[in-house]
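[1] requesting a structural model of the entry that follows:
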Amino acid sequence: MSETTFGATSGPRAAAPLHDASVLGRWWRSVDQWSLWAAGALFLIGMILGLAASPPLAEKNGLPHFYYVIRQAFFGGVAMAAMVGLSMASPRQVRRLASLGFAACLVLVMLLPLFGTDFGKGAVRWYSLGFGSVQPSEFLKPFFAVFAGWLLSASAQENGPPGALLSLMLAVLVAGMLALQPDFGQATLILGAWGIMYFVAGAPVALILILGAGVLGAGVAAYEFSGHFASRIDAYLSAEVQPLTQMGYATDAILSGGLFGVGVGEGTVKWSLPDAHTDFIIAVAAEEYGLVFCLIIIALFAAIVGRAILRLLREGDAFARLAGLGLAALLGMQALVNMGVAIRLLPAKGMTLPLISYGGSSVVATGIGLGMLFALTRRRPQAQFAEPDFR
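    Okay, here's the model as predicted:
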C-alpha cells in the first residue's frame, strides 16, 4: 500500500500514511479535527444560549415559543454542511469560489442603497426576501479575505499583477461602502484583516504606519460628520453607563452572573435587551452560566484561530498562508469585538458573535469562512497548490 508524504516547499512537514483511500478517509486524516470539534461546540453553545435568549423575543412578536431557535437550527445545519463540504475543497477550488463569491457579493453591497432595507434599525444592510432576509456584507468578508490573499501572493510572482495596490483599493472600496450604510464595525474588520495580511506579506513598517494614520483620520472624519458614529463613541467615552440602555443592561447582567451564573433559565437580561439573542448574547451567557462558561467560549475561539496560525506557519504556499491568515483574523477579530463591546472595552459596533449569535447570514457566512480556512490548513501534497497564472 502506497504512502503519500505531506510537505511544504519551505521546510519539512509530517508524513501521513493514508491507509484509507476513500475521499472521506483522506479528508479526515488531513483536516484539523480539533478545530472542527471546536466549531461544532461553538454552534451547540449558540443553540443552548438561543434556547434561553430568543423565547422572550418570540413572545413579544407573537410568534411560537421556539421560533427563532428552530430557524437558527436550520441555518446552523446549513452552515455546518457548508463548513464540512468546503473543507474538502482544494486550494484552487477555494480560490475560484472566493473570486466568484466576492464579485457577486460586491455587486449586492453596491445595490443595497437601491434595493436594500434597514428594518427600522437605521442602517441599510439587508435584502428582504419576504420569508427572511440576507445581509451580503457577512458573506463578502470571507470571500474578500481569500481574494485579497490571492492578489497579495500573486504580486510576488513573475509578471504578476500589482496585487498589494489592487487589494488595497478593493479594501478601501468595500470599507467605504460599508461605512456608508453605516456599518463601521464590518468596515473595520475588512481593513483590519487586509492590514494583517499585508503586514505578513512583507509590507514596510513605514507604509503600515501611514495607512494606520489614514484609518485614524477617517475615524475622526466619521465622528465629525456621522451622528450615528459620534453617539456611540460619546457613549463609550462617558464615565457613566446609562442604566436603561443595552450597554447598561449587559453590564448589570455580566456583574450579576459571577463565576458560575445565576442558574439556567434564571437570568432576567433577556427580557430587557432587544439584541440579547444577537449582539449581546454573551451577556446572557455571563448572567446564566457565569464567567467560567464565557472563558470556555473564549478558549474555543482561541483554539480555532491559534491552531490555524500554527498550521499556516508551516505552510510553504503564499496564497494558502495569506488567505488562511485573513480568514482566521476575521473570525478572531469579530469574536473579540463582540465580547469587547459587551464588557465595554470597545464602542458599540452592532456585530454578532460568530456561530453563537442568532442570524442566518452570520452563521452561514461563518460556516463558509471556516470551511475555506480548514481547506487551506489541511495537510496535503504541495503539488495541489497551483501557482496563479495571470498572463
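[2] so what's the residue most central in space within the chain scoring on pLDDT?
    Nearest residue to the geometric centre of the chain (C-alpha atoms, centre = their mean): residue 331, 3.7 Å. pLDDT, residue 331: 96.
[3] please apply the same query to residue 351.
    At residue 351, pLDDT is 87.
[4] ok, and the closest non-adjacent residue to it?
    residue 185 (4.5 Å; C-beta to C-beta, 6 or more residues apart in numbering). Glycine gets a C-beta too; all of them are placed from N, C-alpha and C.
[5] okay, now the unreliable bits of the stretch 151-300 of the chain?
    Applying pLDDT under 70 to the stretch 151-300 of the chain picks out residues 228, 235-244.
[6] quick one, helices of it?
    163-179, 184-200, 205-225, 227-237, 246-257, 281-313 (DSSP state H, counting those that start in this stretch).
[7] show me what contacts residue 352?
    278-279, 334, 338, 358-359, 362 (C-beta atoms under 8 Å, 6 or more residues apart in numbering).
[8] surely it is within a helix?
    No. According to DSSP: H, G, I helix; E, B strand; the rest coil, residue 352 belongs to no helix; its state is coil.
[9] any idea how far it is from residue 53?
    Distance, residue 352 to residue 53, by C-beta to C-beta, to the nearest Å: 13 Å.
[10] any common contacting residues for these two?
    With C-beta under 8 Å, 6+ apart as the test, residue 352 and residue 53 both reach residue 358.
[11] what residue ranges in the stretch 1-150 of the chain are flagged as low confidence?
    1-21.
[12] and the helices in it, which stretches?
    Using DSSP H, counting those that start in this stretch, helices in the stretch 1-150 of the chain cover 23-30, 33-53, 55-60, 67-87, 91-110, 112-115, 136-154.
[13] most packed of those helices?
    helix 136-154 (a mean of 26; mean count of other C-beta atoms under 10 Å).
[14] report the angle between the axes of it and helix 163-179?
    Angle of helix 136-154 versus helix 163-179, following axes from the mean of the first three to the mean of the last three C-alpha atoms, to 10 degrees, is 170 degrees.
[15] chain center to helix 136-154, what's the gap?
    Centroid separation for helix 136-154 versus its chain: 12 Å, with C-alpha atoms, centre = their mean, to the nearest Å.
[16] repeat that for stretch 62-73.
    Centre-to-centre, stretch 62-73 and its host chain are 24 Å apart (C-alpha atoms, centre = their mean).
[17] so what touches that stretch?
    46-47, 50-51, 54-55, 57-59, 277, 358, 360, 363.
[18] between these, which is closest to residue 210?
    Within the contacts of stretch 62-73, proximity to residue 210 (C-beta to C-beta) peaks at residue 363, which comes in at 37.0 Å.
[19] for that closest one, phi and psi?
    Dihedral angles of residue 363 (phi, psi; degrees, to the nearest 10) stand at phi -70, psi -40.
[20] the residue lying closest to residue 68 once chain neighbours are set aside and residue 276: what is the separation?
    Spatial nearest neighbour of residue 68, chain neighbours left out: residue 54 (3.7 Å); criterion: C-beta to C-beta, 6+ apart. Separation of residue 54 from residue 276 (C-beta to C-beta) stands at 8 Å.
[21] shared neighbours, these two?
    In contact with both residue 54 and residue 276: no residue, using C-beta under 8 Å, 6+ apart.
[22] more crowded one of the two?
    In this view residue 54 and residue 276 are compared by other C-beta atoms under 10 Å, and residue 276 has more residues nearby, 29 against 26.
[23] which phi and psi does the more buried one have?
    Backbone phi and psi, for residue 276 under degrees, to the nearest 10, turn out to be phi -60, psi -30.
[24] same check on residue 201?
    phi -70, psi -10.
[25] kindly provide the distance from the residue lying closest to it once chain neighbours are set aside to residue 230.
    Closest residue to residue 201 apart from its sequence neighbours, by C-beta to C-beta, 6+ apart: residue 152 at 4.6 Å. From residue 152 across to residue 230, the span is 34 Å (C-beta to C-beta).
[26] and for residue 164?
    33 Å.
[27] so how many other residues sit close to the nearest residue to residue 192 once chain neighbours are set aside?
    Distances taken as C-beta to C-beta, 6+ apart put residue 333 closest to residue 192, at 5.5 Å, once the chain neighbours are dropped. Residue 333 has 19 neighbours, counted by other C-beta under 10 Å.
[28] my guess is residue 333 contacts residue 193. True?
    Yes. The pair residue 333 and residue 193 passes the contact test of C-beta atoms under 8 Å, sitting 7.0 Å apart.
[29] around the closest residue to residue 162 other than its chain neighbours, how many other residues sit close by?
    Closest residue in space to residue 162, ignoring its immediate chain neighbours: residue 155 at 6.2 Å, by C-beta to C-beta, 6+ apart. The number of residues packed around residue 155, counting by other C-beta under 10 Å, is 19.
[30] ok, residue 155 - contacts?
    Neighbours of residue 155 in contact, by C-beta under 8 Å, 6+ apart: 161-164, 201.
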